[in-house]
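[1] here's a sequence, model it:
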Amino acid sequence: MSLDHLRTSDPLALLDDVPLSDDETRYVAAARAANTLRGYRSDWAEWCAWCAGEGEDPLGGNPAAVSRYLVFLAGHEAKVGTMARRLSALRFAFRLHRLPDPTENPRVVAVWEGIRRTHGAPPEQAAPLMPPELLDVLEACPDRKAWRTRGRQPERDLAGARDRAMLLIGFVAALRRSELVAIDVEHLNSHPQGLVLAIPRSKTNQEGAEPELAVLPWASNPQRCPVRAVQAWVKLAGITSGPLLRPVSKGNRALPRRLNPEALNRLVQTAVARAGIDASPYSAHSLRAGFVTYAHLRGASDRAIAHQTRHRSLATLGQYVRIHEAWQDNAATQLGL
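    Numbering: from 1, shown residues only. All right, here's what the predicted structure looks like:
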């Protein structure tokens, strides 16, 4: 196998000069979350394209090339988080090929630190979706689907039932986008107080040695109950196993595949817009952010919130509630202007 092929290939496909077996490829893929691997492949393609334009060898290990690449990205207003992932992708590829890692070179480290200090900014956070707005969004989920086709009677709207379950599960269980779409029916376990969701893998538990748990308690109001929403959705969609949240066809039928993470942002924004609310600040992460913020405003302790969100650092929770706390007992609201 030629070295030229090695240097232009998918960095996950080869190790040294020998193609990975199917089993090796499967285990290498399991070493990183699927979303991470998709990002790495995209980042590697971008790196190779830049190297081609600069006459650089993508696997040449030239620290000067990496530092110039970082400067190029910064000059084109790439976000610091994006550049950090590009470096992670390069680091992963070089280590996979057992080549010296140029990202650890002092020149690259110094340039990278300077870029972070110069261009670093607080990460953009999705607006929290919580009551009362969340209740309006739930109320706006369609219940009945009318048909223009003559003779076809109105039916329960499956997309509306799916969205109601999605919103309540995401909010009450405080799930990340990737966790929400990964739920299988088999991950839900009945309990006298509601449902217990076993999350096989997460951002903080990528190896999945032991599932993390989140609870979905019964609610006194049936229209706001995550357990009833799940039960209604699976019954209407005829789901008995496999992915819980699925696309719904134009013919009002649940399709036999799970939602993809990218679609979730669109569904949340569509649901928010149906309630007559500006959807631009919201995303799928707004459900998790909404849980943390709302629970804090209702007096829950950081430890109790982290029990559901599975945050390992209590300090991280402060990122969600700091904006709302700024308004509490603040003299600026008492100026009478």
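
[2] can we go C-alpha only for contacts and neighbour counts from here?
    Fine.

[3] buried residues, stretch 216-234. List them.
    Residues 216-218, 224-230, 232-234 are the ones in stretch 216-234 that count as buried (16 or more other CA atoms under 10 Å).

[4] start to end distance for it?
    By CA to CA, to the nearest Å, the extent of stretch 216-234 from end to end equals 16 Å.

[5] can you pull out the residues in contact with that stretch?
    If you take CA atoms under 8 Å, 6 or more residues apart in numbering as the criterion, stretch 216-234 is touched by 135, 138, 158, 161-162, 164-165, 168-169, 172-173, 193-197, 240, 244.

[6] now with 6 Å, please.
    Contacting residues not belonging to stretch 216-234 are listed as 161-162, 165, 168-169, 193-195 [CA atoms under 6 Å, 6 or more residues apart in numbering].

[7] can you say which of the residues you listed are buried?
    Buried members of the contacts of stretch 216-234, scored by 16+ other CA under 10 Å, are 161-162, 165, 168-169, 194-195.

[8] in the stretch 201-337 of the chain, which spans are helices?
    Secondary structure of the stretch 201-337 of the chain (DSSP state H, counting those that start in this stretch): helices at 226-237, 261-274, 285-297, 302-309, 314-325.

[9] wait, which of the ones you listed is closest to G61?
    Of all the helices of the stretch 201-337 of the chain, helix 261-274 sits nearest to G61, with 33.8 Å by CA to CA.

[10] coming back round to it: can I get the buried ones among the contacts of stretch 216-234 in JSON lines including secondary structure and pLDDT?
    Output for these, formatted as JSON lines (DSSP: H, G, I helix; E, B strand; the rest coil; pLDDT from 0 to 100):
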{"residue": "A161", "secondary structure": "helix", "pLDDT": "96"}
{"residue": "R162", "secondary structure": "helix", "pLDDT": "97"}
{"residue": "A165", "secondary structure": "helix", "pLDDT": "97"}
{"residue": "L168", "secondary structure": "helix", "pLDDT": "97"}
{"residue": "I169", "secondary structure": "helix", "pLDDT": "97"}
{"residue": "G194", "secondary structure": "strand", "pLDDT": "93"}
{"residue": "L195", "secondary structure": "strand", "pLDDT": "94"}
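
[11] low pLDDT regions in the chain?
    Judged by pLDDT under 70, the chain has its weakly predicted residues at 1-20, 24-36, 121-124, 202-209, 313-337.

[12] distance check, the residue lying closest to A173 once chain neighbours are set aside against R224.
    Spatial nearest neighbour of A173, chain neighbours left out: A214 (5.7 Å); criterion: CA to CA, 6 or more residues apart in numbering. A214 is 18 Å from R224, where distance means CA to CA.

[13] same thing with T149?
    From T149 over to R224 the distance is 33 Å, taken as CA to CA.

[14] do the same with R68
    53 Å.

[15] quick one, phi/psi of R144?
    Dihedral pair for R144: phi -120, psi 140, per degrees, to the nearest 10.

[16] next, count neighbours for the nearest residue to Q308 once chain neighbours are set aside.
    Spatial nearest neighbour of Q308, excluding adjacent residues (CA to CA, 6+ apart): A214 at 5.5 Å. If you count neighbours by other CA atoms under 10 Å, A214 ends up with 21.
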